[in-house]
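1. Compute the structure for the input listed below.
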Amino acid sequence: MKPINQLLTGVAFAAMMATSPAWSADYTMIMAHTLSDVNHPIYQAFLKLKSEIEEKSGGRIEVVDQGGGALGGDREIMESTMFGDIQFGPMSTSGATQFIPELSVFDIPYVMPTDDKERQALVNEGPLAEAIAKALDAKGLRYEGIMNGGFRNLTTAKTEVHTPEDIASAGLRIRVQENPVHIKIWKDLGAAPTPISFPELYGALQQGVVDGQENPYGHILSQRFYEVQGFMTNTRHIFLANISMINKDWYESLPDDLKTVVDEGFKTATNFQWEVQAQLEDSQRAELAKHMTIVDLTPEQMKEFQDKTADVADLVRETAGDEIVDVLMNEIK
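-> Numbering: from 1, shown residues only. Okay, here's the model as predicted:
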């Protein structure tokens, strides 16, 4: 296995070489997302996807990277991907539930396997992946897998959190996505959940509009949230599944050989991303520890968080439907 810095450097170089292709492409795939740090493992996977598709298609497909929220937040990207103005609109499943309610299944707290290999197989192969593909197909989208964003953890500006009572007693305003399940989770934990778009989050934290937020290590680092947050509690309450969706009509317009190039490109990039994420987990935590106080919950404290959010699964059933929730629960058994 190559050292991680060699992997990242190689991908970045290949993508850089492909940014101004000398060819005239037959097809264009606009890739719109909200990440801005090219060193983030998911962004690195997007760059690898770009180089794979452009190279393997012999220049017949050009992938145009529109990162950093250049084409809007999750709502705008999702709408544009469904309409076909954007061909590839990746985002967290939590950001897509307002359009595809079945994806709320990923927002049930504390159910996803903690083992990376088990979790990767669960979301990218078998019955759950088939159920996700079916839900996307009904919206004119093609499912191309899920990348590993890590588990969400709580950060706060001034409050050290060990229990839900710490959240409630401080009246913490926690930024959440525009997602009713996330809003319920943080209400149940005693917070005042406040929806704010991801590109606007740093400013909201800096200005004190909210007291905290919840994201995985990689997002906290790449967005430099540690500059405006003093504490991180390893709540690990939800797996951030970053879903790859492409416009179905665009995909169907491709000749069969290019469909294969696209599918294989996504598979290669997705496997690469899971490998990179697994290798970076410890170093990401170590880097955050240089800037923030990290709180690791005891089993008893973790159980308090689990108990407070136990009935969130009922809301998810109302939102996502029993069918896909049952698929998930049967698979994780």
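2. pretty sure Glu160 is in contact with Met232, am I right?
-> No - using CB atoms under 8 Å, Glu160 makes no contact with Met232, being 9.8 Å away. From N, CA and C alone the C-beta is placed, and that goes for glycine too.
3. So for the two, which residue has more residues nearby?
-> Between Glu160 and Met232, counted using other CB atoms under 10 Å, Met232 has the larger neighbour count: 28 against 13.
4. Mind listing the shared neighbours of Glu160 and Met232?
-> 293, 295 (CB atoms under 8 Å, 6 or more residues apart in numbering).
5. Phi first, then psi, for Phe151.
-> Backbone torsions for Phe151, taken as degrees, to the nearest 10, come to phi -90, psi 140.
6. And for it, the neighbour number?
-> For Phe151, using other CB under 10 Å, the count is 21.
7. same thing with Asp115?
-> For Asp115, using other CB under 10 Å, the count is 10.
8. Same question for Glu200.
-> 13.
9. can you tell me which residues contact the residue lying closest to Val111 once chain neighbours are set aside?
-> Excluding its sequence neighbours, the residue lying closest to Val111 (CB to CB, 6 or more residues apart in numbering) is Ile332, at 6.1 Å. By CB under 8 Å, 6+ apart, the contact set of Ile332 is 111-113, 122.
10. so what pLDDT did Ile332 get?
-> Looking at Ile332, its pLDDT reads 90.
11. Give me the phi and psi angles of it.
-> Main-chain dihedrals, Ile332, degrees, to the nearest 10: phi -80, psi -20.
12. now Glu144
-> According to degrees, to the nearest 10, Glu144 has phi -120, psi 30.
13. surely it meets Asn247?
-> No - when contacts are counted by CB under 8 Å, Glu144 is not listed as touching Asn247 (11.1 Å).
14. Extract the residue ranges of the protein that are flagged as low pLDDT.
-> For the chain, applying pLDDT under 70 flags the ranges 1-23.
15. Now do the residue lying closest to Ile61 once chain neighbours are set aside against Asp296, distance only.
-> Excluding its sequence neighbours, the residue lying closest to Ile61 (CB to CB, 6+ apart) is Tyr27, at 4.7 Å. Using CB to CB, to the nearest Å, Tyr27 is found at 48 Å from Asp296.
16. Equivalent analysis for Val325, please.
-> In terms of CB to CB, Val325 sits 30 Å off from Asp296.
17. that older thread, the residue nearest to Ile61 against Val63, yeah?
-> No - here Tyr27 does not reach Val63: they are 9.7 Å apart, not a contact under CB under 8 Å.
18. higher neighbour count, the two?
-> Val63 (27 against 17).
19. check contacts around that one.
-> 18, 28-29, 31, 49-50, 53-54, 88.
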